[in-house]
Structures are given as C-alpha cells and as structure tokens.
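Undergrad: Next input, structure requested:
(one chain, ligands or ions: 3)
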Amino acid sequence: MADVLIQQPAHMPQFRTDRDGHAFETLCDEIEAADIAADQATQNTGDWEPSRFDSEKDKTQFRQYETACDRVKEFYKEQHTKQTVAYNLKARNDFHSKSRAEMTIWEAMERLNTLIDESDPDTELSQIEHLLQSAEAIRRDGRPRWMQLTGLIHDLGKLLFFFDARGQWDVVGDTFPVGCAFDDKIIYGNKSFTENPDYNDPIYNTKYGIYSPGCGLDKVMLSWGHDEYLYHVVKDQSTLPEDALAMIRYHSFYPWHQQGAYQDLMNDKDHKMLRAVKTFNPYDLYSKSDDKPSVEKLKPYYLELIDEYFPNKVIKW
Ligand SMILES: O[C@H]1[C@H](O)[C@@H](O)[C@H](O)[C@@H](O)[C@H]1O
Ligand SMILES: [Fe+2]
Ligand SMILES: [Fe+2]
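TA: Ligands and ions are numbered 1, 2, ... in the order given. Have a look, this model is predicted:
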C-alpha cells in the first residue's frame, strides 16, 4: 500500500498512514504492562491519579480559538446563534420518539469515519483514529477497562450528524447550558450569543434562568449534541458505571470542567462527576497529537472489550 501523507496542524509531527515498525512495538510492550495493572483495577473509588500527559504535553498548543481558522470561528457563531431552549426541547423530543439505526459499536466507529469535525482546531485525523488514540492513552496509563472503553466510544454520538442533525452545530463543539445566561467563559464569550433569540429573553438571560441554585446538572439542559445523545444510548444499553456515563455526558462541557463556570448549579453528586470528567479530559484532548494508531492491529483487543460492557452486540442508535 502506498504511503499517504496526512496534513497535520503545525504543532503535530508529520506521519504516514501505514507507519508501523519500532515505535509501535515499544508502545505494545508498554501497553501490555499497563494492561496487567488495569486488570487488577476495580471501579473507581473517587481518588484519581494524574495522567501521564500532565508532564508530557505543552498544553498551550491546544484549544487556541482566537487564532483558529475561519471554519472554527464560523462554526461557533452558528452554534451560539441556533442553540435555543426551543430547539433543545424539540431535539430531546425527537430523540426519544424513535430509534434511528441499528449497528454494532465497531460499525458505528467505521460509519463515523467520513465526518471531519468543523469545531476542532486540534486534529484533522478521522474519528476512528481519535477514538483509538484516546482509548490507547487511557490504557497506557493503566486505567480500568471500563475507562478504556469510554475513551473508545466517547465521540460516537457524532453519528447524529448522519441522522436528524441540522448541520454540525447541533452535533459537535463545546456544550453550555441553555435556559440561563450564557457565561463569558464559553468559547468566544457571552457576546458570541447576541444573535441567539434567548439572549434577550427576560428569564433565560438571568443567572439561574429556568433553574435554581444547587439543582444539579441532571436537571440542566446542556446544548444538544453528541454528548447528551450518546449518554442516553449508553445508559440504556451498557453496563458501564456512573463515572463513565458522566465522562461521556460532560466531556464537551469545557466552561464547567475546565473554566469553573456554572458551579452554583451543581449538587453533591456533580462534584464526584467533575473529578471523573477532569480525569478523562487529558486523554481526549492531549492524545490528539499522539502517533496515529493502527486500527487493524488494535481491533481484536477492543472488540473483546466492547463485548464486556455491551450485552447486546447490535445497538439501537
Ligand atoms: O471540537 C471539539 C470536538 O467536537 C469534541 O468532540 C468535543 O468533545 C469538544 O468539546 C470540542 O471542542
Ligand atoms: Fe467530543
Ligand atoms: Fe473526543
């Protein structure tokens, strides 16, 4: 097979699609050692060790939205204008009224492969590669098997794009609550929402809006997209633990898990969830500059892992 050079953002190493060889073998040894640790690990107790990325990556290279390309800026302008309370109620209603497709987890990963995420300034890899990079980074750090699987599937909600979506603005990108004032810590700030009809609403544009202090994030409507959609699919059809569900549901809620906004809406349970989501985040974000994974070599390991937590092979999407 001929090598194909993939265009990478400037800070990433260039590589070829069928690169293999020494680096991959070393990685395999490391992963094998980590697997032994992970096999012994049970479900999380709430005390998380920091990730290996904390010392390895230059974090200033990621999520640079001010200098991002126009595609990213235009994406967020559209998303911030169209994510309204009315739209979010309708999207949830549509979601619960039917199932859209039936396929296995692996088929879903392959299906997603044609989607290039317009909101993402940090990777131009395909989704299957991003999912494997996240899962492999989690595995390399010796995290439990359920968390490795969470890494593998966390973005599968982007399948929405092929079903009922109106564009990418209701599928990808960071999330934020609708129904209360848009926080300035959201990407491009509160002013990015001036064309959103809810921006001038006398109730929605107050600090708590339709919510109350400490009501808990379970009661808060986060902008509709791949997180919320996949959360429901996985909650109903897998045996993954609560921390895994939180990692999926809130992984794009950067204003909360990274910027510390919306704290006043949290209840006690959300504080535990926040620790889990924060632990997951580096594997999602910083693995984007890792080497490209070999899909075929990794497939058998992950097929077995999927079977462990999804009792039915075929998932209703
Ligand atoms: O651009 C990215 C991408 O869409 C991710 O899947 C999402 O989780 C992030 O929050 C977002 O910033
Ligand atoms: Fe995501
Ligand atoms: Fe991701």
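
Undergrad: For this structure, what lies in contact range of ligand 3?
TA: Asp155, Asp284 (C-beta under 5 Å from the ion). In this view, the C-beta of every residue, glycine as well, is placed from N, C-alpha and C.

Undergrad: okay, and for the protein, where does confidence drop off?
TA: Applying pLDDT under 70 to the chain flags residues 1-47.

Undergrad: quick one, what contacts the nearest residue to Pro311 once chain neighbours are set aside?
TA: Leaving aside its sequence neighbours, Pro311 sits nearest to Thr239 (C-beta to C-beta, 6 or more residues apart in numbering; 6.9 Å). By C-beta atoms under 8 Å, 6 or more residues apart in numbering, the contact set of Thr239 is Tyr309, Phe310, Pro311.

Undergrad: and what of Leu156?
TA: Ile105, Ala108, Met109, Leu112, Leu131, His226, Leu230, Val233.

Undergrad: my guess is the fourth one is in a helix, correct?
TA: Yes. Counting by DSSP: H, G, I helix; E, B strand; the rest coil, Leu112 is part of a helix.

Undergrad: Please confirm that Gln79 is located within a helix.
TA: Yes. Per three-state DSSP, Gln79 lies within a helix segment.

Undergrad: Following the chain onward from the helix or strand in which Glu304 is found, which element is next?
TA: Here Glu304 sits within helix 295-309, counting by DSSP states H and E. Downstream of helix 295-309, the next assigned helix or strand under DSSP H and E is strand 315-316.

Undergrad: Contacts for that following strand, please.
TA: Contact partners of strand 315-316, identified using C-beta under 8 Å, 6+ apart, comprise Ser99, Ala101, Glu102, Met103, Thr104, Ile105, Ala108, Val233, Gln237.

Undergrad: about what we covered before: make CSV from the contacts of Leu156 and add neighbour count, distance to ligand 1 and secondary structure to it.
TA: Converted to CSV, those look like this (neighbours: other C-beta atoms under 10 Å; distance: C-beta to the nearest ligand atom, whole Å; DSSP: H, G, I helix; E, B strand; the rest coil):
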residue, neighbour count, distance to ligand 1, secondary structure
Ile105, 23, 17, helix
Ala108, 23, 15, helix
Met109, 25, 14, helix
Leu112, 22, 11, helix
Leu131, 26, 10, helix
His226, 26, 6, helix
Leu230, 24, 10, helix
Val233, 20, 16, helix
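
Undergrad: For the helix holding Glu304, name the packing helices and strands.
TA: For helix 295-309, the packing partners by 3 or more C-beta pairs under 8 Å, 6 or more residues apart in numbering; DSSP states H and E come out as helix 105-111, helix 127-140, helix 145-153.

Undergrad: Could I get the buried residue list for stretch 175-185?
TA: Using 16 or more other C-beta atoms under 10 Å as the test for burial, stretch 175-185 gives Thr175, Phe176, Pro177, Val178, Gly179, Cys180, Ala181, Phe182, Asp183, Lys185.

Undergrad: what's the answer for stretch 292-308, then?
TA: By 16+ other C-beta under 10 Å, the buried positions in stretch 292-308 come out as Lys292, Pro293, Ser294, Val295, Leu298, Tyr302, Leu305, Ile306.

Undergrad: and the two most separated of these?
TA: Pairwise distances across the buried residues of stretch 292-308 (C-beta to C-beta) peak at 21.3 Å, for the pair Lys292 and Ile306.

Undergrad: Please name the nearest non-neighbouring residue to Thr150.
TA: With C-beta to C-beta, 6+ apart as the criterion, Thr150 has its nearest non-adjacent residue at 4.4 Å, and that residue is Ala244.

Undergrad: scratch that, Ile138 is what I was asking about
TA: Gly151 (4.4 Å).

Undergrad: what's near enough to touch that neighbour?
TA: Going by C-beta under 8 Å, 6+ apart, Gly151 touches Leu131, Ser134, Ala135, Glu136, Ala137, Ile138, Arg139, Phe280, Tyr283, Asp284.

Undergrad: quick revisit: measure the residue nearest to Pro311 to ligand 3 for me?
TA: 22 Å (C-beta to the ion, to the nearest Å).

Undergrad: nearest to ligand 3, of the contacts of strand 315-316?
TA: Ala108 (14.4 Å; C-beta to the ion).

Undergrad: Verify the stated contact: Gln133 with Leu285.
TA: No. Applying C-beta atoms under 8 Å as the test, Gln133 and Leu285 come out as separate, 10.6 Å apart.

Undergrad: Settle it for me: which of those two has more neighbours?
TA: In this view Gln133 and Leu285 are compared by other C-beta atoms under 10 Å, and Gln133 has more residues nearby, 23 against 20.

Undergrad: okay, now the residue nearest to Gln168 when sequence neighbours are not counted: neighbour count?
TA: Sequence neighbours aside, Glu118 is the residue nearest to Gln168 in space, at 4.9 Å (criterion: C-beta to C-beta, 6+ apart). Counted by other C-beta under 10 Å, the residues lying close to Glu118 total 19.

Undergrad: residue contacts, Glu118?
TA: Residues in contact with Glu118 (C-beta under 8 Å, 6+ apart) are Arg71, Val72, Phe75, Gln168, Val172.
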